[in-house]
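1. Next come a sequence and a model predicted from it.
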Amino acid sequence: MAKTEAVATRSDNALVEQVKSWPDKIRDFYHDVRTEMKKVTTPSLKEVRATTAVVIITVFLFAAYFWAVDLILGSGVDRMFRYFAKH
């Protein structure tokens, strides 16, 4: 019984210490956030336009590629089904 009370007391003390350390942890977190935010740079309008153009062109290229692959594989499967349907 005494052993159980000792374990419960230790876990209660650990919880209390953990709760007491929260303000320090929060302060450290916000300090780290402010430090990292000072390192952030905003891209210029020219950079935003350039990267947007790259993304749009890439999307269209991938769309064309997947359309062509789908067309080729679809017609191949269609021909295979027609071949086996006749025999």
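-> Perfect, thanks for sending it. Numbering: from 1, shown residues only.

2. do you know how far residue 17 is from residue 25?
-> Residue 17 sits 12 Å away from residue 25, going by C-beta to C-beta, to the nearest Å. In this view, the C-beta of every residue, glycine as well, is placed from N, C-alpha and C.

3. and what of residue 66?
-> 48 Å.

4. could I get the helix or strand harbouring residue 34 in PDB with only the CA atoms?
-> Element membership for residue 34 (DSSP states H and E) is helix 22-39. What follows is helix 22-39, C-alpha atoms only, in PDB (Å, rounded to 0.1, in the frame of the first residue of the first chain):
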ATOM      1  CA  TRP A  22       4.900  25.200 -19.400                       C
ATOM      2  CA  PRO A  23       5.400  29.000 -19.300                       C
ATOM      3  CA  ASP A  24       9.200  28.500 -19.900                       C
ATOM      4  CA  LYS A  25       8.500  26.200 -22.800                       C
ATOM      5  CA  ILE A  26       6.000  28.600 -24.300                       C
ATOM      6  CA  ARG A  27       8.400  31.500 -23.900                       C
ATOM      7  CA  ASP A  28      11.200  29.500 -25.600                       C
ATOM      8  CA  PHE A  29       8.900  28.500 -28.400                       C
ATOM      9  CA  TYR A  30       7.800  32.000 -29.200                       C
ATOM     10  CA  HIS A  31      11.400  33.200 -29.000                       C
ATOM     11  CA  ASP A  32      12.400  30.500 -31.500                       C
ATOM     12  CA  VAL A  33       9.500  31.500 -33.800                       C
ATOM     13  CA  ARG A  34      10.500  35.200 -33.700                       C
ATOM     14  CA  THR A  35      14.100  34.200 -34.500                       C
ATOM     15  CA  GLU A  36      13.100  32.100 -37.400                       C
ATOM     16  CA  MET A  37      10.600  34.700 -38.700                       C
ATOM     17  CA  LYS A  38      13.400  37.200 -38.900                       C
ATOM     18  CA  LYS A  39      15.100  34.900 -41.400                       C
END
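
5. For it, buried residues please.
-> Within helix 22-39, no residue is scored as buried using 16 or more other C-beta atoms under 10 Å.

6. Can you pull the domain assignment for this protein?
-> Listed domain ranges for the chain are 1-40, 43-87 (source: automatic domain parsing).
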